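Visitor: sequence-free structure coming up:
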Ligand code: HEM
Ligand code: FES
């Protein structure tokens, strides 16, 4: 392993800053990957912590596993409306989507589309996914450096999305682009201006409106667009709501799985003993997949708004307050997970992690994500002795999408 | 100890001696019965401990409360006799209980 991917030593002092000045949302902490030390102190000293001012306004941080579980499962007291990330939605450009709706409307819309990613349907998708994974892996150069994020993680998740939408395959990288545009504004460098962002999202809507019309004329089939176009709860959606739900399905299935595909390789490189375990026992793969998803925690947080005053961890959260559940922190909480800072591919109870959330909004695509990762690792192990990380990874500068933009690797054949 | 039988989707039966006071989910996990994931550890928040209670036992196990109902309702494989097994507590009364496991947990 190259030295470059060791954590960078930067002068920061999470133990000296007064707690009341703590603002874990600051972008600098995320791009430099310094947040773990901050979370550790919050879990220890202020597990339900109020930040009185930040770029995103005042907010509560909930950092322990059990407290996060309590908030996440209590949708009556903690609303997912109007948005589920720390950034407040743009009032003049709302994107309503069911992840940001409370029951019962949430339930009706989710039920319309979830069949396509329910296990019974995944059984039919497995051979398609495997075929595509095999093709992508077989085309990779062996023994020379390339970017794993672009050639594998993005390519595979994008192909998968195209399949779920029955989207024109040759245009599939548009999906990647729309996902990036939807989750990042000018500050992340994805677009130059907010206007450009909106223009691109309107292009997305126009493209998908054509597909909607096409699917509406055809009978119901098993892809997301057809299900939305024919579903009782969704067939009369407004254009904004259609766009919102498209973005949800595109982003939901994109960044998350993508970053688990990259994060797994990185974690195995940082833990050569675990890589050796994997080589000796491919049967561990399903368990390892859960551990990778815990380890990576591809979505670092979800946000809620308190519907009433609520006591949590000795603090009173006031009605209307913004509450951030930091899954990334809960997944490192030693009160709930043994040796949480270690990556252990045969960990006991590996499925018990927060990465998919809990309660009515629990990730709809969780079985699909696990299936994709399991197949990817089964096929990697049939081909390569090692996927070696040979340079520094580049991270997404976001406190929501916890992932990578670049990871140079070299493949070593069996 | 009350006996509980779990029947996998493929017909395989697992009869276990369950401790009074634990949940039907926990009794399965403690006895290594496959097919129940219980990702939330019994908090009624994941629905991956889904079982179908054999008809003659439905009256004794009772019906789901509101929180359980809202999680079950989102399950496309939900049946009339579906329950989340973490929400059924083992009692002497339930000696002989039989539950079917779904093909998949979701
Ligand atoms: C490792 C991969 C993934 C991770 C870590 C992940 C994580 C999450 C999280 C944290 C939530 C919100 C949970 C909450 O608010 O309590 C969520 C919801 C959702 N995810 Fe995923 N996700 C992944 C993959 C996918 C995939 C492949 C899809 C494909 C369709 C998907 C679609 C969705 C949808 C539609 C929702 C909204 C569910 C609702 O509000 O009812 N996700 N996901
Ligand atoms: S164990 Fe999660 S709902 Fe029963």
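Guide: Structure's in. What do you need? Computed from a predicted model, the values in this text were never measured in an experiment. Numbers count the residues shown, from 1 in each chain, chains lettered A, B, ... in the order given. Ligands and ions are numbered 1, 2, ... in the order given.
Visitor: next up, the contacts around residue B:58.
Guide: residue B:81 (CB atoms under 8 Å, 6 or more residues apart in numbering or on different chains). Just so you know, the C-beta spots here come from the backbone N, C-alpha and C atoms, and that holds for glycine as well.
Visitor: gap between it and residue B:80?
Guide: Between residue B:58 and residue B:80 the computed distance is 9 Å (CB to CB, to the nearest Å).
Visitor: one more: residue A:41?
Guide: 50 Å.
Visitor: who's more crowded, the two?
Guide: residue A:41 (17 against 8; other CB atoms under 10 Å in any protein chain shown).
Visitor: where does that one fall, phi/psi-wise?
Guide: phi -70, psi -40 (degrees, to the nearest 10).
Visitor: just to check, it is in contact with residue A:14?
Guide: Yes. Counting by CB atoms under 8 Å, residue A:41 does reach residue A:14; the two are 5.3 Å apart.
Visitor: could you report the pLDDT at the residue of chain B found nearest ligand 1?
Guide: Per CB to the nearest ligand atom, the residue of chain B with the smallest distance to ligand 1 is residue B:74, at 7.5 Å. Residue B:74 carries a pLDDT value of 94.
Visitor: count of residues packed around it?
Guide: 20.
Visitor: and the end-to-end length of stretch B:15-23?
Guide: 15 Å (CA to CA, to the nearest Å).
Visitor: got the buried residues for it?
Guide: Within stretch B:15-23, the residues that qualify as buried are B:16, B:18, B:22, B:23, counting by 16 or more other CB atoms under 10 Å in any protein chain shown.
Visitor: ok, now which ones touch residue B:4?
Guide: Residue B:4 touches B:15, B:16, B:18, B:24, B:27, B:28, B:90, B:94, B:97, B:98, B:99, counting by CB under 8 Å, 6+ apart.
Visitor: give me the beta-bridge partners of it?
Guide: For residue B:4, the beta-bridge partners are residue B:16, residue B:97 (DSSP bridges).
Visitor: the nearest residue to residue B:18 once chain neighbours are set aside: neighbouring residues, count only.
Guide: With sequence-adjacent residues excluded and distances taken as CB to CB, 6 or more residues apart in numbering or on different chains, residue B:18 is closest to residue B:27, at 3.7 Å. Residue B:27 has 25 neighbours, counted by other CB under 10 Å.
Visitor: repeat for the one 10 residues further on
Guide: Around residue B:37 sit 19 other residues, with neighbours defined as other CB under 10 Å.
Visitor: quick check: phi and psi at it.
Guide: Dihedral angles for residue B:37 - degrees, to the nearest 10 - are phi -90, psi -40.
Visitor: next, the nearest residue to it once chain neighbours are set aside: secondary structure please.
Guide: Spatially, and ignoring its direct neighbours in sequence, residue B:37 is nearest to residue B:48 (3.8 Å; CB to CB, 6+ apart). What DSSP: H, G, I helix; E, B strand; the rest coil gives for residue B:48 is coil.
Visitor: where along chain B do the strands fall?
Guide: Using DSSP state E, the strands of chain B run over B:3-7, B:13-17, B:50-53, B:82-84, B:97-100.
Visitor: which one of those strands lies closest to residue A:348?
Guide: Ranking the strands of chain B by proximity to residue A:348 (CB to CB) places strand B:13-17 first, at 19.8 Å.
Visitor: between strand B:3-7 and the closest one, find me the angle.
Guide: 160 degrees (axes from the mean of the first three to the mean of the last three CA atoms, to 10 degrees).
Visitor: before we move on, the earlier item: check contacts around the residue nearest to residue B:37.
Guide: If you count contacts by CB under 8 Å, 6+ apart, residue B:48 has them with A:351, B:36, B:37, B:38, B:39, B:40, B:105, B:106.
Visitor: for PyMOL, what selects the buried ones among the residues you listed?
Guide: Burial among the contacts of residue B:48 is assessed by 16+ other CB under 10 Å; the matching PyMOL selection reads:
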select buried, (chain A and resi 351) or (chain B and resi 36+37+38+39+40+105+106)
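Visitor: what is the lowest-pLDDT residue among the contacts of residue B:48?
Guide: Minimum pLDDT across the contacts of residue B:48 falls on residue B:106, with 92.
Visitor: can you pull up the most central residue in chain A?
Guide: residue A:256 (3.0 Å; CA atoms, centre = their mean).
Visitor: who touches residue A:83 in this structure?
Guide: Taking CB under 8 Å, 6+ apart, one finds A:89, A:100, A:303 in contact with residue A:83.
Visitor: how about CSV for the residues you listed, with distance to residue A:156 and secondary structure added?
Guide: Converted to CSV, the contacts of residue A:83 look like this (distance: CB to CB, whole Å; DSSP: H, G, I helix; E, B strand; the rest coil):
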residue, distance to residue A:156, secondary structure
A:89, 30, coil
A:100, 27, helix
A:303, 29, strand
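Visitor: so which of these reach ligand 2?
Guide: Taking CB under 6 Å from any ligand atom as the test, ligand 2 is in contact with none of those.
Visitor: want to throw the strands of chain B into TSV with mean pLDDT and distance to residue A:116?
Guide: What follows is those, written out as TSV (pLDDT from 0 to 100; distance: least, CB to CB, whole Å):
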stretch	mean pLDDT	distance to residue A:116
strand B:3-7	98	29
strand B:13-17	97	32
strand B:50-53	98	19
strand B:82-84	98	21
strand B:97-100	98	25
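Visitor: state the distance from whichever residue of the stretch 51-200 of chain A sits closest to chain B to ligand 2.
Guide: Proximity of the stretch 51-200 of chain A to chain B (CB to the nearest CB) peaks at residue A:119, 3.3 Å away. Remark: distance between residue A:119 and ligand 2 (CB to the nearest ligand atom, to the nearest Å) = 16 Å.
Visitor: wait, that residue touches residue A:367, no?
Guide: Yes. Residue A:119 is within contact range of residue A:367, at 5.3 Å (criterion: CB under 8 Å).
Visitor: which residues are in contact with each of these two?
Guide: Counting by CB under 8 Å, 6+ apart, the shared contacts of residue A:119 and residue A:367 are B:104, B:106.
Visitor: so which of the strands of chain B gets nearest residue A:132?
Guide: Closest among these, using CB to CB: strand B:50-53, at 30.3 Å.
Visitor: each with direction, which strands does that closest one pair with?
Guide: Strand B:50-53 is paired, per DSSP bridges, with strand B:82-84 (antiparallel), strand B:97-100 (antiparallel).
Visitor: what's the closest residue to residue A:48 other than its chain neighbours in contact with, if anything?
Guide: In this structure, residue A:48 finds its nearest non-sequential neighbour in residue A:313, 3.6 Å apart by CB to CB, 6+ apart. Shown in contact with residue A:313 (CB under 8 Å, 6+ apart): A:47, A:48, A:62, A:64, A:67.
Visitor: what about residue A:313, distance to ligand 1?
Guide: Counting by CB to the nearest ligand atom - residue A:313 and ligand 1 are separated by 19 Å.
Visitor: state the pLDDT value of that residue.
Guide: What the model reports as pLDDT for residue A:313 is 95.
Visitor: how near is the residue minimising distance to the centre of chain B to chain A?
Guide: By CA atoms, centre = their mean, chain B has its centre lying nearest to residue B:85, at 2.9 Å. Note on residue B:85: its distance to chain A, by CB to the nearest CB, to the nearest Å, is 16 Å.
Visitor: was I right about that residue contacting residue B:24?
Guide: Yes. The criterion here is CB under 8 Å, and residue B:85 meets it with residue B:24 at 4.1 Å.
Visitor: what does the stretch 301-414 of chain A put close to ligand 1?
Guide: So the stretch 301-414 of chain A meets ligand 1 at A:302, A:355-359, A:361-365, A:368-369 (CB under 6 Å from any ligand atom).
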